[in-house]
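1. Curious how this folds, go ahead:
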Amino acid sequence: MSSFLDDIRNERIKKLNILKEKGINPFPVETKKDHSVEELRASFDEIVSSQKTVVAAGRIVALRGQGGLLFFNINDGTGVFQGLLKKDEMDEKIFDLFSDTVDLGDFVEAEGILFTTKRGEKTLQVKNWTMLSKSLRPLPDKWHGLQDTEERYRRRYLDILMSPDVRRRFEIRSKFVSALRNAFDSEGFLEVETPILQPIAGGATAKPFATHHHALDIGLYLRIAPELYLKQLLVAGFPKVYELGRLFRNEGIDVTHNPEFTIVEFYEAYANASRHMVFLEGLLRRVIKETLGAEQVAFGEETIDFGKKFETVSYFTLFEKYAEMKDAGNMPVSELLSHAKRLNVGVAKGDGPEKILDHIYKKYCRPHIIQPTFINDYSAAFSPLAKRRENDPEMIERYQLVIGGFEVVNGFSELNDPIDQRARFTEQETKRGTGDEEAQIKDEEYIEAMEYGMPPAGGVGLSIDRMIMLLTDTKNIREVILFPTLRPKDNKEK
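-> Numbers count the residues shown, from 1 in each chain. From the prediction side, this is the model:
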């Protein structure tokens, strides 16, 4: 039994065949389009005065008839413009063909002259038209759109087409990325590209995706971070480098995590964590103002103010404030486990103190941090790539920037002591041996590069996706990724 949508599709195929039977290609190679909708509106009075014939093109987004009059609206991506066909003022066959074959969703080319209707609507009076692309499926109802959230993600093209808010969200994303690139370039950073397929999944604590290259007969990983390659470029003599691109982590999916995501990482020789905290504050303020035209952003019921100086708080202070845990940094594992149980925080078997703390922090502390806040004071176990503090070797020169309850930045003074780096990689391998799949792998080539001499440096990773969530008042990362990772439809019930 055919469905309602199948019936509509069959009717549209009949109209497609009408065009073909008349020798008309419903998917022509060329178009005579000479003005965008934006240009028609900007130069409307000038074009009307000249009585110049113009050719516009776009998707039919509205269609209505009144006897010998046919009104339609086209959208070419730069705006919407009204068109009008008058049966008694054009070739009747051309009028009838439009009436018989054109549907909502079709792309058409329309040639004619501009005028203003009695209601003041700028309009194109059509003398001739051409089908550019015959649509076979109906667009969603403009009032209700796609109601199923997963279908919105799966058919993002329709989601954007039917929702101006969704379209604007991704325009903001593009503008933010462009402004960020411009800011780095103006500060003397060099944009580079590093391998996405890597023999060792290094540079972060995460579980990778594994694959195999048949010609070389070697195992490879999708990168979890570009960090180790970017720091090799500091060894090479580039003082400032950055890379903006995709990372891949074979971990869970939730409102702030997608298996593939976008990040910018930048590294600067002769800088450190403290200097980069100052740099980041100015960078984000500049880029956000360029993107949105303002320094304040509405986020839920809160207003995030990027114009004010960012606060700085100690990581361990947060546990006392939000989880009733005094001196959390010096608690034995047994006591940490007791607090985790009290707070109903899940802990995996074999989790060390830093992981237990991290679980509690993410559930009980971080959600309270709304205004831009740097979190510092981390012990060495939290990052095998960060430099130790000179006055307290058990602590590292590391910070995170939290906004709206999200971690958006991770940065630190980069470890450039190859002997210490080897020892800390070895410690990580011990953790892998006890079942920690996220522990880092020793990278001998990276250590070798460091032994040639790596300058002191600061490094930063900034999440593009989470920043866009903040700037567009969005609570789910899938809303800011054009095509998020989804289970295939055929496997949805498995």
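
2. send the alpha carbons of stretch 225-239 over as PDB?
-> As requested, the backbone C-alpha atoms of stretch 225-239 are provided in PDB (Å, rounded to 0.1, in the frame of the first residue of the first chain):
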ATOM      1  CA  ALA A 225      44.800  15.600  19.400                       C
ATOM      2  CA  PRO A 226      47.300  17.400  17.100                       C
ATOM      3  CA  GLU A 227      49.400  18.400  20.100                       C
ATOM      4  CA  LEU A 228      52.600  16.300  19.700                       C
ATOM      5  CA  TYR A 229      53.000  17.200  16.000                       C
ATOM      6  CA  LEU A 230      52.400  20.900  16.700                       C
ATOM      7  CA  LYS A 231      55.000  21.000  19.400                       C
ATOM      8  CA  GLN A 232      57.500  19.300  17.000                       C
ATOM      9  CA  LEU A 233      57.000  22.500  14.900                       C
ATOM     10  CA  LEU A 234      58.200  24.500  17.900                       C
ATOM     11  CA  VAL A 235      61.400  22.400  17.800                       C
ATOM     12  CA  ALA A 236      61.500  23.200  14.000                       C
ATOM     13  CA  GLY A 237      61.700  26.900  14.800                       C
ATOM     14  CA  PHE A 238      58.200  28.100  14.200                       C
ATOM     15  CA  PRO A 239      57.500  30.400  17.200                       C
END
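
3. buried residues in that stretch?
-> If you call a residue buried by 16 or more other C-beta atoms under 10 Å, then stretch 225-239 has these buried ones: Ala225, Pro226, Glu227, Leu228, Tyr229, Leu230, Lys231, Gln232, Leu233, Leu234, Val235, Pro239. Every residue, glycine included, has its C-beta placed from N, CA and C.

4. Please state the offset of that stretch from the chain centre?
-> The chain centroid and the centroid of stretch 225-239 are separated by 25 Å, computed with C-alpha atoms, centre = their mean, to the nearest Å.

5. for the one helix or strand Lys355 maps to, packing partners?
-> With the criterion set as DSSP states H and E, the secondary-structure element containing Lys355 is helix 353-360. With contacts defined as 3 or more C-beta pairs under 8 Å, 6 or more residues apart in numbering; DSSP states H and E, helix 353-360 has these neighbours: helix 315-323, helix 333-342.

6. Let's see that with 7 Å instead.
-> Using 3 or more C-beta pairs under 7 Å, 6 or more residues apart in numbering; DSSP states H and E as the contact criterion, the secondary-structure elements in contact with helix 353-360 are helix 333-342.

7. Let me know the closest of the buried residues of stretch 225-239 to Ser178.
-> Each of the buried residues of stretch 225-239 was scored against Ser178 by C-beta to C-beta, and Pro226 proved nearest at 20.3 Å.

8. sec struct for the closest residue to that closest one other than its chain neighbours, please.
-> Distance criterion C-beta to C-beta, 6 or more residues apart in numbering; nearest residue to Pro226, sequence neighbours excluded, is Thr194 at 4.4 Å. Three-state call for Thr194 (DSSP: H, G, I helix; E, B strand; the rest coil): coil.

9. Quick one: neighbours of Thr194, just the number.
-> Neighbouring residues of Thr194 were enumerated by other C-beta atoms under 10 Å; the total is 19.

10. That one and Gln232: what is the separation?
-> The gap separating Thr194 from Gln232 is 9 Å, by C-beta to C-beta, to the nearest Å.

11. on that earlier part again, need the contact list for the residue nearest to Pro226.
-> Each residue near Thr194 by C-beta atoms under 7 Å, 6 or more residues apart in numbering is listed here: Pro226, Tyr229, Leu230, Glu243.

12. Throw these into TSV and include pLDDT and distance to Pro28, thanks.
-> As requested, those are arranged in TSV below (pLDDT from 0 to 100; distance: C-beta to C-beta, whole Å):
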residue	pLDDT	distance to Pro28
Pro226	96	44
Tyr229	97	47
Leu230	98	48
Glu243	98	42
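
13. Just flag the most distant two among those.
-> Between all members of the contacts of Thr194, the longest pairwise span (C-beta to C-beta) is found for Tyr229 and Glu243 and amounts to 8.4 Å.

14. Now do the contacts for Glu320.
-> Taking C-beta under 7 Å, 6+ apart as the definition of contact, the neighbours of Glu320 are Lys326.

15. The helix or strand hosting Leu63 pairs with which strands, and in what direction?
-> Counting by DSSP H and E, the element that carries Leu63 is strand 54-66. Partner strands and pairing direction for strand 54-66 (DSSP bridges) are strand 69-75 (antiparallel), strand 107-116 (antiparallel).

16. of the ones you listed, which approaches Tyr315 most closely?
-> strand 69-75 (50.0 Å).

17. quick one: secondary structure of the residue lying farthest from the centre of the chain?
-> Within the chain, Asp88 marks the point farthest from the mean C-alpha position, 51.1 Å out by C-alpha atoms, centre = their mean. Following three-state DSSP, the label given to Asp88 is helix.

18. For it, give me the pLDDT.
-> Confidence per residue is given as pLDDT, and for Asp88 that number is 94.

19. again with Ala348
-> Confidence at Ala348, expressed as pLDDT, is 87.

20. sorry, back to before: any chance of the contacts of Thr194 in TSV with secondary structure and distance to Ser379 as columns?
-> Output for the contacts of Thr194, formatted as TSV (DSSP: H, G, I helix; E, B strand; the rest coil; distance: C-beta to C-beta, whole Å):
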residue	secondary structure	distance to Ser379
Pro226	coil	25
Tyr229	helix	27
Leu230	helix	25
Glu243	strand	28
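
21. No more questions from me, cheers.
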